[in-house]
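Chemist: Sequence and predicted structure are below.
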Amino acid sequence: MLDLLFAVIARDLKLALRRQADLVSALFFFIIVVSLFPLGVGPEMDMLRKMAPGVLWVAALLATMLTLPRLFGDDYRDGTLEQLVLAPQPLPVTVLGKMAAHWLTSGLPLTLLAPVLGLQFDLSADGLLVLTLALLVGTPSLSAIGAIGAALTLGLRGGGVLVSLLVLPLYIPVLIFGAGAVDAAVSGLGFEAHLSLLGALLAGSLFFAPWATAAALKISLE
């Protein structure tokens, strides 16, 4: 099982490195969206500090969604996905490996970049630390939940729009608790409860999402 998991992760990482333009486009989208708000609102630091948690989390969520159609799309077009479904190895393990690779190429870079962009909003050191921790715990849930939507809309015309309609409502709890943790840290309140709830969402999504995604892939391929 572990050999299969690591093999899928390594394969998807190699393929992602060959399409560096896709990775860079998501990062540039994240940078541009976050940077536009200080320019539009002005140099009012109190307002920027209040806006920072929501702006950074919404931008990270949207940047993650940009890469979801490619999660299974390339394998579907070249026939690799059918071979993975028919393979004797458990499909949920393969799906979990693809989710992990997606997070490593989208969620992790956004997490590492977010504290630098948070300086534009005059966030304190504690706020930047909690922002990093919240994204580190929350973004894997975005990849796991998004994989379900990507599998359900596989091969459909206008699948990118349908993915947004399917996964955005499911992203709301992650967004609320992630932004709430940063807001609590900036306000000097306890943020541990928000991080705990993000951890619970992560555990639930990692357990249920691979099975739901595997079932959705089989339905899409029939």
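Modeler: On my side now, so go ahead.
Chemist: got the buried residues for stretch 39-54?
Modeler: Residues of stretch 39-54 classed as buried: Leu48, Arg49, Ala52, Pro53, Gly54 (neighbour count, 16 or more other Cβ atoms under 10 Å). Where C-beta positions appear, they are placed from N, C-alpha and C, glycine not excepted.
Chemist: Secondary structure element for the last one, which one?
Modeler: Yep, that's Gly54 we're talking about. Using DSSP states H and E, Gly54 sits within helix 45-66.
Chemist: And the next helix or strand past that helix?
Modeler: The helix or strand immediately downstream of helix 45-66 is helix 70-78, counting by DSSP H and E.
Chemist: Show me what the next helix or strand after that following helix is packed up against.
Modeler: Going down the chain from helix 70-78, the next helix or strand is helix 80-86, by DSSP H and E. On a contact count with 3 or more Cβ pairs under 8 Å, 6 or more residues apart in numbering; DSSP states H and E, helix 80-86 meets helix 70-78, helix 91-102, helix 192-221.
Chemist: SS state for Asn11?
Modeler: Heads up, residue 11 is Arg, not Asn. helix (DSSP: H, G, I helix; E, B strand; the rest coil).
Chemist: residues contacting it?
Modeler: By Cβ atoms under 8 Å, 6 or more residues apart in numbering, the residues touching Arg11 are Ala101.
Chemist: so how far is Leu4 from it?
Modeler: Per Cβ to Cβ, to the nearest Å, Arg11 is found 11 Å from Leu4.
Chemist: What of Pro88?
Modeler: Separation of Pro88 from Leu4 (Cβ to Cβ): 10 Å.
Chemist: Who has more neighbours out of those two?
Modeler: Legend: neighbour count by other Cβ atoms under 10 Å for Pro88 and Leu4, higher for Leu4 (15 against 4).
Chemist: The more buried one against Thr94, yeah?
Modeler: Yes - contact criterion Cβ atoms under 8 Å: Leu4 and Thr94 qualify, at 6.7 Å.
Chemist: give me the element Thr173 is part of.
Modeler: Slight slip there: residue 173 is Pro, not Thr. Assessed by DSSP H and E, Pro173 sits inside helix 159-187.
Chemist: oh sorry, the question was meant for Leu123
Modeler: When secondary structure is defined by DSSP H and E, Leu123 falls outside every helix and strand.
Chemist: so how far is Ala101 from the closest residue to it other than its chain neighbours?
Modeler: Leaving aside its sequence neighbours, Leu123 sits nearest to Ala52 (Cβ to Cβ, 6 or more residues apart in numbering; 5.5 Å). Distance of Ala52 to Ala101, given as Cβ to Cβ: 30 Å.
Chemist: Equivalent analysis for Gly199, please.
Modeler: From Gly199 across to Ala101, the span is 22 Å (Cβ to Cβ).
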